[in-house]
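>>> below is the sequence, then the predicted model.
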Amino acid sequence: MTQVKMFHTVAAILLGAQALTLDIEEEAGVLVLNENNFDEAVKIHEYILVEFYAPWCGACVSFAPEYVKAASRLSDRKSSIKLAKVDATMEERLADKYNVNYLPTLKFFTNSNPTDYDGGMTDREIVDWLRLKSQPNRGEAEELSGPVHILTTAGSLDAFLTTHEKALVAYCSEPNSQLLEIFKQASLNVKDHSFGLVQDASLINSTEFVEDGQIHLHKRIRIGMYDLPRVEYKGGFDVNELQKFIEANSFPTILQLEPKTAQYVFNSEVKTHVLLLVSSLNGEFETLAEPLMNVAQEIRERAGNVMDKSVLFVVVDTDNADHSKLLTILGVQKKLGSLPTIRIIKLGKKGEPIKKYKPAGSLGIYWDPERVKKFVEDYLEGKLESYLISQKLPKDWDANPVKVLTAENFDDIAFDKEKNVLVQFYSPWCGYCHRLEPIYEEVAKVFSRRFDGGVDYIIAKIDATANELENTNITQYPTIKLYKRGTNKVIDFIGKRSVEALVKFVETGGKSLEQV
């Protein structure tokens, strides 16, 4: 045995031994990962798809059987690809590390390197996507020239376009053209797209809707998407311009928010989303959303390759219970006269708040493409002001030891210089927040008993998903802050969330147990 072969054999044995010693629970063929075993799992398995989910998430519950069936398919095929899952409510640091903004979110790891999963949500679609990603160069083209597939027959062209979700094809019979040069350069730089080249003039001439010397972006239209199947590149011989064209035109013109498209929406490079909030039960998809196709396409073409001007139109079914969280974030209530409606959101960088915009008045029955177009144009021209949401202040907000805050009374209470004010920023769907609730109630009772009503101390909470504050951005739940008496200095609580630790934190003006 050669030294090289011996090295690989020993490495394989060691790797296998490592896998055996790593204790990973399985549920129905799906690995259950947590912070203790995650890094080792993605290191051991060359290919592993990880789902971040929440037990309360309806979309996750609906998706779970498909995920299990996909794992079974892979197992039956003796595939080395593994499926895994992470409870994002229990593993917040992992969810934060991998930018999990929507549930379920799926990440595909190849040799520990993550990429966003952008495939379908059925077991067959999952397996097909994984097969292509783990064996990207088999079967769909006759030969390769670097990352570019050389397509020499109508059959290979059809197979290429059918196989790939997003495919760039250069139809160019001139081997030394500038067009071909920038195409090859772009193929080296652009990820998550496949590149094909048709050089045979007779094949180009026999292919519908194309001409020699053109580049087309071909897109496979999935259910829930309204889009054009192909877009022609009409820019100059500049690789940067071509890459901007690809980036700006790869997303669908209009798509419906659902589990199979959520990954695409929230991981898109396009950060401005026009949300069309309509009822599927009332047939508003067809009467309101579909007629906007021309408006959406016109706005896209006008934006050209400028990402800041690019807009993603998203249809949101207000009858879907899974979208109630989104409606809360938008401050939209399901009551007579408030729907259908439209909102624009601008997603910021990690840690930045979402900016939201709404039209003056109500679109209601007057919703038409021209009104929607004017609303989007006003946003793009900087004529709109973003808005913040707030719950209505309950009449009994101060009846209990833990006071209830909303955006209406937050500044008056939190920035009262006569008091130390402890505020918990929580989310109704956060498991950690639910576990903290009895502890936090006891902290409030301690100060209420000790100071005969706690006149110098206020223990309060605010639903951060339904109340937005001008200068406070909460990125994880629960977050606990102390607003100090006299100075209004804001100190974040860091440490074990126990009654003793929180009481000491308030008493000492922001010191932890370890510091006292």
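Structure's in. What do you need?

>>> helix or strand right after the helix or strand of the chain with the lowest mean pLDDT?
Within the chain, no helix or strand scores below helix 3-21, which has a mean of 34 by mean pLDDT, DSSP states H and E. Heading C-terminal from helix 3-21, the first helix or strand you meet, by DSSP states H and E, is strand 25-27.

>>> so, low pLDDT: which residues of the stretch 251-400 of the chain?
260, 304-307, 336-337, 350-351, 362-366 (pLDDT under 70).

>>> what kind of secondary structure is Ile439 in?
helix (DSSP: H, G, I helix; E, B strand; the rest coil).

>>> my bad, Arg343
strand.

>>> for it, give the beta-bridge partners.
Counting by DSSP bridges, Arg343 forms beta bridges with Leu275.

>>> quick one, what contacts it?
Taking Cβ atoms under 8 Å, 6 or more residues apart in numbering, we find Arg343 in contact with Val274, Leu275, Leu277, Leu330, Val332, Lys356, Tyr357, Lys358. Backbone N, C-alpha and C define where each C-beta goes, glycine included.

>>> against Ser280, how distant is the last one?
Meaning Lys358. When distance is defined by Cβ to Cβ, to the nearest Å, Lys358 is 22 Å away from Ser280.

>>> who has more neighbours, those two?
Set Lys358 next to Ser280 and count neighbours by other Cβ atoms under 10 Å: Lys358 wins out with 19 against 15.

>>> for the stretch 301-450 of the chain, what spans make up the helices?
Listed in chain order, the helices of the stretch 301-450 of the chain (DSSP state H, counting those that start in this stretch) span residues 324-330, 369-380, 410-414, 431-450.

>>> same deal with the stretch 101-250 of the chain?
Going by DSSP H, counting those that start in this stretch, the stretch 101-250 of the chain shows helices at 123-134, 154-163, 178-189, 201-206, 239-249.

>>> of the contacts of Arg343, which is the nearest to Val265?
Closest approach to Val265 among the contacts of Arg343 (Cβ to Cβ): Leu275, at 9.7 Å.

>>> so that closest one makes contact with Val332?
No - in this structure Leu275 lies outside contact range of Val332 using Cβ atoms under 8 Å: 9.2 Å.

>>> how is this structure carved up into domains?
26-132, 148-250, 254-381, 403-508 (the TED database).

>>> same list, those, but as JSON lines with distance to Ser390 please.
Formatted as JSON lines, the domains of the chain follow (distance: least, Cβ to Cβ, whole Å):
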{"stretch": "domain 26-132", "distance to Ser390": "23"}
{"stretch": "domain 148-250", "distance to Ser390": "33"}
{"stretch": "domain 254-381", "distance to Ser390": "8"}
{"stretch": "domain 403-508", "distance to Ser390": "3"}
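
>>> which one of those domains lies closest to Gln391?
Closest to Gln391 of those, according to Cβ to Cβ: domain 403-508, at 4.5 Å.

>>> redo the helices of the stretch 301-450 of the chain as CSV? Include distance to Asp128 and mean neighbour count.
Converted to CSV, the helices of the stretch 301-450 of the chain look like this (distance: least, Cβ to Cβ, whole Å; neighbours: other Cβ atoms under 10 Å):
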stretch, distance to Asp128, mean neighbour count
helix 324-330, 29, 17
helix 369-380, 36, 16
helix 410-414, 50, 17
helix 431-450, 34, 17
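
>>> out of the contacts of Arg343, which two sit at the greatest distance?
Val274 and Val332 (14.3 Å).

>>> got the contact list for the residue positioned nearest the centre of the chain?
In the chain, the C-alpha nearest the mean C-alpha coordinate belongs to Phe266, at 3.1 Å (Cα atoms, centre = their mean). Residues near Phe266 by Cβ under 8 Å, 6+ apart: Asn101, Tyr102, Thr105, Leu347.

>>> same thing but 7 Å
Asn101, Tyr102 (Cβ atoms under 7 Å, 6 or more residues apart in numbering).

>>> how about the strands of the stretch 351-500 of the chain, start to end?
Per DSSP state E, counting those that start in this stretch, the stretch 351-500 of the chain carries strands over the ranges 355-357, 402-405, 420-426, 457-463, 479-483, 490-492.

>>> export those to TSV and tack on mean neighbour count and distance to Leu388?
What follows is the strands of the stretch 351-500 of the chain, written out as TSV (neighbours: other Cβ atoms under 10 Å; distance: least, Cβ to Cβ, whole Å):
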stretch	mean neighbour count	distance to Leu388
strand 355-357	19	8
strand 402-405	21	14
strand 420-426	24	15
strand 457-463	23	13
strand 479-483	20	18
strand 490-492	13	19
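
>>> nearest to Leu242, out of the ones you listed?
strand 355-357 (30.4 Å).

>>> the closest residue to Glu377 other than its chain neighbours in helix, strand or coil?
Once flanking residues are discounted, Glu377 sits nearest to Ile299: 7.8 Å by Cβ to Cβ, 6 or more residues apart in numbering. Per three-state DSSP, the local secondary structure of Ile299 is helix.

>>> could you work out the end-to-end span of stretch 348-355 for me?
8 Å (Cα to Cα, to the nearest Å).

>>> what's that stretch in contact with?
So stretch 348-355 is contacted by Asn99, Ile345, Lys346, Leu347, Ser386, Asn473, Thr475 (Cβ under 7 Å, 6+ apart).

>>> tell me how many other residues surround the second one.
Taking other Cβ under 10 Å as the criterion, the count of residues near Ile345 is 20.

>>> was I right to think it contacts Lys271?
No - Ile345 is beyond contact range of Lys271, at 8.7 Å (criterion: Cβ atoms under 7 Å).

>>> many thanks, have a good one.
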